[in-house]
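Chemist: Mind looking at a prediction? Sequence and model below.
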Amino acid sequence: MSFQFHSVRTITAGFIALIALPVLAQVSVSSDRYSVAEGEALRLTVEVDQRASGRPDFSPLTRDFHFLGSKQMTVSSFANGANQYTTRWKILLRPRHSGELQIPPLQFNNEFSQPLLISVAGDTGAAAIISKDAYLESAVDGYEVYQNSQLLYSQRLFHLDDLPPMASLSEPLISGIVIVPLGEKLQYTREINDQTYKVVEQNYAFFPEQAGQLSIPAAHFSAGPGTPELNSDPIQIDVLPLVSQKIRGYWLPATRLTLEDLTTAPNNLALGESQTRTLKISAEGLLAEQLPSLISLRNELASIEIEDVSLEQKTTPKGIVSSRTETIRITPAERGEITLPEITIPWWNITSDKSEKASLPQIVLRVEPARPKAIVAVTPAALATTETATITETGQAVMELPADKPAPIEKSGSIRLLVWLLASVAIITSLGWLYSFSSQRRKQLAPEVQQPKPETTQGNSPVNESHKLNQMIQEEQLAFSKVVDACNKDMPLEARLLMLDWARLFWPHNQFNDSLDLSDLNNSKTLELLLIDMEGYINGSEAGHWSGDLLASALMHIRENQLQEVVQE
C-alpha cells in the first residue's frame, strides 16, 4: 500500500513539474532568395510561434551582411477553438562580400533557428549591377503595410566617377498609390569593399489606397543617350486591409497621433460675448488631408461656427508629419453652462500593431450675466459735455461715458459741495411733484369700481407648446437644407458634420456618434454604401470627385418616409 502511494505521488509530482515548464517557442527563418549578386538586398523572414515581447538576437547577421532595417508584426488566427499567435520580423540585408555566406542560427529565449546558406555572385547578377564602377538599388522600410498607411521607399545610386550632365534617375509612377517626395536628393559617400562610393539617394513616402499585392517597378538610371542603363529589382509589397475598430468612421494608421487644446481663454464668459477656441491634431505617417475634423457644430445653448481650418504637412527623413488646426467661435445664447463634449479619435498604431485612442476631456463653459456698462459720477466738467445724465435708484446722478474718454477730474471741494446741493434740491423738488401727481390720481380713480382681471397662466399653455413645436420644425428644416446643400456642393466633410447635427434633431431620442449609426437606424443598405463611400473620400481611401447628390437623394427619401409614417400615426 505504501509503495503504491509513493508511486502515485511521484507520477503526480512529475506531471505537475512538466506542466510548470515554460512553453518553448519554435523559431523558423526563411529568405525570399537564396542566390543573389553582390550589392543586392535580400529579405529575411524570422517567425516565432507565439506572441513575443522581445526579439531574437540579430547581431550574428552583421558579420557577413549589412543590416538595413527590420519590421515586427504579430499575426493572430483562430483554430481548434483557441487563438493562435505568430510574431514575424521582416529583415532587409545586403551581403558584405561575394561567396557562400551563411545565415547563422538565431536565438530566441532558449531556442535556435536552423542556419541558411546564401550564394552571393561577385561579378554580375540580376540586381542591376552593371559594373563595379556604379550600381543602383531600391529599398523599402517594410514588405507588409496597411491600406492608407505610409511606406518609405528609397532609390540609391552608387558610383565612383562624377556623373555627366545628362544623367537621370527615374521617378516612381505607380497607379493606386499616393506618392510624396521626401525633400531633395541626398548626396554622401559610403565605404564598400575598400572603395569609397559616391551615393545619390532619393526618398519617397507611398500611401497605398487599395488592399492586395502592390508591385513597385524597377528603378532606372541612365548616364545619357547611348549609355547602358542601370536597373534595380522590382519589389513586391503586401497591402493589408483596414482593421475593424470599436469606434467606426476613422481609419488612421500612423506611428504617432496627438490632440492638443491650444485655447488660452478662461472657461467663463458673459452673455453677449463670444470666445474662440483652437484645437490641433498632429500625426506622423499620415497626410494632412487624412486627418479628421474635431469639433461638433451642434450645441443647444450656443452658436458654434468654424472660423479657420489650416492644414500643415512637412517632410522629414522619417516620412510625413502633418497637422490640422481648427479655430471656432462660440457665442452663448443664454446664461448657464455650455458643455463641449469629450473628443475621442481612434487610430491604429502601426509600430505596436494595435488600436489606440487620443482624446481631449470635456469642457464646461460658464456663461455669466451680461456685464454692466461702466458709469461715473456727474461733475461740473461732465455737465458741460454733450453726454446725458440720469438718476439711479439711490438718487445719485450718474452718466455713461464712452470708453475712449477719461473720467472728469474734480478740481476743488467747494465746487463739489455746490454740485451736491443743486442735485439735492432737484431731487426734493421732483419727489414733491410726484407726490402731488399721485394724490390727484387716487382721487380721480376712487369712485370707479375695479373689475378683477382674469388670471392667465403662462406655463405649458397650448399656445406655448405650439410655438415650441413650430420652432423645432423650423430648426430641423434648416438643418436638413444645409445637409442637402453640402452634398450637392460635393463637400463630404461638411456633409458628415451637418448630417449628424440634423439626425440628432430629427431623431432626438437616438444617439449618433458617427455617420454609420444613421444607416443602422434606418436599416438601409443603400444608405450604408453611400455613407461608406463618403467616409472613403474623407479619410483619403477614395480619390477623385465625390458625387454627393446621390446621398442627398437617399436622405430626402428616408426623411419623406419617416414624415409619412408620423402623419399616418
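Modeler: Nice, thanks for sending it over.

Chemist: helix/strand/coil for the residue nearest to Y85 when sequence neighbours are not counted?
Modeler: Using Cβ to Cβ, 6 or more residues apart in numbering and skipping residues adjacent in sequence, the residue nearest Y85 is R51, 4.2 Å away. In short, each C-beta sits where N, CA and C put it, glycine included. State at R51, reduced to three classes by DSSP: H, G, I helix; E, B strand; the rest coil: coil.

Chemist: mind checking how far R51 is from R94?
Modeler: Distance of R51 to R94, computed by Cβ to Cβ, to the nearest Å: 30 Å.

Chemist: So those two - more neighbours on which side?
Modeler: Using other Cβ atoms under 10 Å, the more surrounded residue of R51 and R94 is R94, with 19 against 14.

Chemist: What residues does the more buried one make contact with?
Modeler: With contact set as Cβ atoms under 8 Å, 6 or more residues apart in numbering, R94 has these partners: 39-42, 65-66, 68, 137.

Chemist: one more time with 10 Å, if that's ok
Modeler: 36, 38-42, 65-68, 120, 127, 137, 139, 192 (Cβ atoms under 10 Å, 6 or more residues apart in numbering).

Chemist: Now which of those residues would you call buried?
Modeler: Using 16 or more other Cβ atoms under 10 Å as the burial test, the contacts of R94 include 36, 38-42, 65, 68, 120, 127, 137, 139, 192 as buried.

Chemist: And the furthest pair within those?
Modeler: Spanning the widest gap among the buried ones among the contacts of R94 are V120 and A139, at 17.3 Å by Cβ to Cβ.

Chemist: Quick check: which of the contacts of R94 has the minimum pLDDT.
Modeler: Looking at these by pLDDT, the weakest one is A127, with 36.

Chemist: before we move on, back to that, assess the claim that the residue nearest to Y85 and M73 are in contact.
Modeler: No - if you go by Cβ atoms under 10 Å, R51 and M73 don't touch, sitting 11.4 Å apart.

Chemist: residues shared between the contacts of these two?
Modeler: Residues touching both R51 and M73 by Cβ under 10 Å, 6+ apart: 86-87.

Chemist: Just the endpoints, please. Distance across stretch 265-279?
Modeler: End-to-end distance of stretch 265-279 (Cα to Cα, to the nearest Å): 13 Å.

Chemist: roughly how far out does it sit from the chain middle?
Modeler: In terms of Cα atoms, centre = their mean, to the nearest Å, the centre of stretch 265-279 is set 24 Å apart from its chain centre.

Chemist: List the residues that contact the nearest residue to Q150 once chain neighbours are set aside.
Modeler: In space, and not counting its chain neighbours, Q150 is closest to G285: 4.1 Å by Cβ to Cβ, 6+ apart. Residues near G285 by Cβ under 10 Å, 6+ apart: 149-152, 205, 207, 252-257, 318-322, 349-351.

Chemist: Quick check: L252 touching L259?
Modeler: No - the criterion here is Cβ under 10 Å, and L252 misses it with L259 at 11.8 Å.

Chemist: More neighbours: which of these two?
Modeler: Neighbour totals were compared for L252 and L259, and L252 leads with 24 against 16 (other Cβ under 10 Å).

Chemist: Now the more buried one: closest residue in space that isn't a chain neighbour?
Modeler: W347 (3.9 Å).

Chemist: With L530 instead?
Modeler: Leaving out its chain neighbours, the residue that sits closest to L530 by Cβ to Cβ, 6+ apart is L551, at 4.6 Å.

Chemist: so which helix or strand takes in that neighbour?
Modeler: Using DSSP states H and E, L551 sits within helix 549-568.

Chemist: For that helix, enumerate the helices and strands it packs against.
Modeler: For helix 549-568, the elements it packs on are helix 462-488, helix 492-506, helix 516-522, helix 525-539, judged by 3 or more Cβ pairs under 10 Å, 6 or more residues apart in numbering; DSSP states H and E.

Chemist: any idea what E40 is structurally, helix, strand or coil?
Modeler: Under three-state DSSP, E40 comes out as coil.

Chemist: rewinding a little: surely the residue nearest to L530 touches E535?
Modeler: No - when contacts are counted by Cβ under 10 Å, L551 is not listed as touching E535 (11.1 Å).

Chemist: Of those two, which one has the most company?
Modeler: L551 (27 against 21).

Chemist: That one: what's it in contact with?
Modeler: Residues counted as contacts of L551 (Cβ under 10 Å, 6+ apart) are 483-484, 486-488, 492, 495-496, 499, 515, 526-527, 529-531, 533-534.

Chemist: are any of those buried, and which?
Modeler: By neighbour count, with 16+ other Cβ under 10 Å, the contacts of L551 hold 483-484, 486-487, 492, 495-496, 499, 515, 527, 530-531, 533-534 as buried.

Chemist: would you list those in JSON lines and tack on distance to I330?
Modeler: Formatted as JSON lines, those follow (distance: Cβ to Cβ, whole Å):
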{"residue": "V483", "distance to I330": "22"}
{"residue": "V484", "distance to I330": "26"}
{"residue": "A486", "distance to I330": "21"}
{"residue": "C487", "distance to I330": "26"}
{"residue": "P492", "distance to I330": "25"}
{"residue": "A495", "distance to I330": "23"}
{"residue": "R496", "distance to I330": "21"}
{"residue": "M499", "distance to I330": "22"}
{"residue": "S515", "distance to I330": "24"}
{"residue": "L527", "distance to I330": "32"}
{"residue": "L530", "distance to I330": "32"}
{"residue": "L531", "distance to I330": "29"}
{"residue": "D533", "distance to I330": "33"}
{"residue": "M534", "distance to I330": "27"}
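
Chemist: Can you lay out those as a markdown table showing distance to N561 and pLDDT?
Modeler: Listed next are those as a markdown table, based on distance: Cβ to Cβ, whole Å; pLDDT from 0 to 100:
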| residue | distance to N561 | pLDDT |
| --- | --- | --- |
| V483 | 16 | 89 |
| V484 | 16 | 91 |
| A486 | 22 | 88 |
| C487 | 18 | 88 |
| P492 | 24 | 86 |
| A495 | 20 | 87 |
| R496 | 22 | 86 |
| M499 | 17 | 89 |
| S515 | 19 | 77 |
| L527 | 12 | 83 |
| L530 | 16 | 84 |
| L531 | 17 | 85 |
| D533 | 21 | 81 |
| M534 | 21 | 85 |
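
Chemist: which one among those residues gets closest to A211?
Modeler: D533 (16.6 Å).

Chemist: Isn't that closest one up against G544?
Modeler: No - using Cβ under 10 Å as the test, D533 is too far from G544 to be in contact (11.1 Å).

Chemist: What spatial separation is found between the residue nearest to Q150 and M73?
Modeler: Per Cβ to Cβ, G285 is found 16 Å from M73.

Chemist: Then L286?
Modeler: The gap separating L286 from M73 is 19 Å, by Cβ to Cβ.

Chemist: Tell me who's in contact with G212.
Modeler: So G212 contacts 147, 176, 237-241 (Cβ under 10 Å, 6+ apart).

Chemist: Return the member of the residues you listed nearest to R366.
Modeler: R366 has its nearest neighbour among those in Q147, at 44.7 Å by Cβ to Cβ.

Chemist: Just give me the neighbour total for that closest one.
Modeler: Using other Cβ under 10 Å, Q147 is surrounded by 18 other residues.

Chemist: Tell me which residues touch it, please.
Modeler: With contact taken as Cβ under 10 Å, 6+ apart, Q147 is in contact with 207-212, 239-243, 251, 253, 541.

Chemist: Would you show me how to pick out the buried ones of these in PyMOL?
Modeler: Command for PyMOL, covering only those of the contacts of Q147 found buried under the criterion 16+ other Cβ under 10 Å:
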select buried, resi 207+208+209+239+240+251+253+541
